[in-house]
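*Asks:* 3D model of this:
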Amino acid sequence: MTDRSHQRGARPVGFSASTFAASHEYVETFRALSDPTRLEMIRMAARTDEVACTTFLERFGVSKSTISYHVKVLRAAGLIKVRKEGQFYRYRLHRRGDPLMAVLLPMLTETTDDRQPDIDVAPTHRGGVQAS
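*Replies:* Sure, this is the predicted structure:
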């Protein structure tokens with residue numbers, strides 16, 4: 001018997017099939033959210049009912065094919081849903097009921113003004129910052 005745990009997609013020893021499936025889903029979610037553009041797309045979709053493709057184009061200043069690629073990754077991860085209206089596409093957040101999104105969504109959608117620093121930051125003598 002050969003050990004296939006090193007192969008992509010192979011279930012590691014000790015993982016049940018359901019645990020492995022959930023882990024794989026989480027990996028896809030984090031991979032999709034690891035790109036700053038896709039992360040911002042999720043934030044935009046979370047703040048409104050739907051986002052038009054043209055809104056993404058204006059916001060990011062990239063080509064339609066680049067937006068299409070990012071949408072494909074987000075959709076494959078189950079993070080957004082796509083609706084076609086005539087020749088236009090509209091995107092909305094897929095509010096999954098899983099525990100991961102219940103934790104992540106509030107963190108992803110908060111503004112920088114909402115965040116409280118975990119440490120006090122004081123200027124250093126060189127103009128940088130240091131934790132106090």
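*Asks:* all strands for the chain, in order.
*Replies:* For the chain, the strands defined by DSSP state E cover 51-52, 80-85, 88-93, 121-123, 129-131.
*Asks:* okay, now Ile80: neighbour count?
*Replies:* Neighbours of Ile80 under the rule other Cβ atoms under 10 Å: 22. C-beta coordinates here come from the backbone N, C-alpha and C atoms, glycine included.
*Asks:* got a list of what the closest residue to Lys81 other than its chain neighbours touches?
*Replies:* Residue nearest to Lys81 in three dimensions, not counting chain neighbours: His94, with 4.9 Å by Cβ to Cβ, 6 or more residues apart in numbering. With contact set as Cβ atoms under 8 Å, 6 or more residues apart in numbering, His94 has these partners: 78-81.
*Asks:* Try it again at 10 Å.
*Replies:* Neighbouring residues of His94 by Cβ atoms under 10 Å, 6 or more residues apart in numbering: 42, 45, 74-75, 77-82, 101.
*Asks:* which of the residues you listed has the most neighbours?
*Replies:* Leu79 (27 neighbours).
*Asks:* got the contact list for that one?
*Replies:* Leu79 makes contact with 28-29, 32-33, 38, 41-42, 45-46, 71, 73, 91, 93-96, 101, 104-105, 108, according to Cβ under 10 Å, 6+ apart.
*Asks:* Generate a ChimeraX selection restricted to the buried subset of these.
*Replies:* Buried members of those, defined by 16 or more other Cβ atoms under 10 Å, are picked up in ChimeraX with:
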select :29,32,33,38,41,42,45,46,71,73,91,93,94,101,104,105,108
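*Asks:* Which members of the contacts of Leu79 occur in helices, if any?
*Replies:* Judged by DSSP state H, helices contain the following of the contacts of Leu79: 28-29, 32-33, 38, 41-42, 45-46, 71, 73, 101, 104-105, 108.
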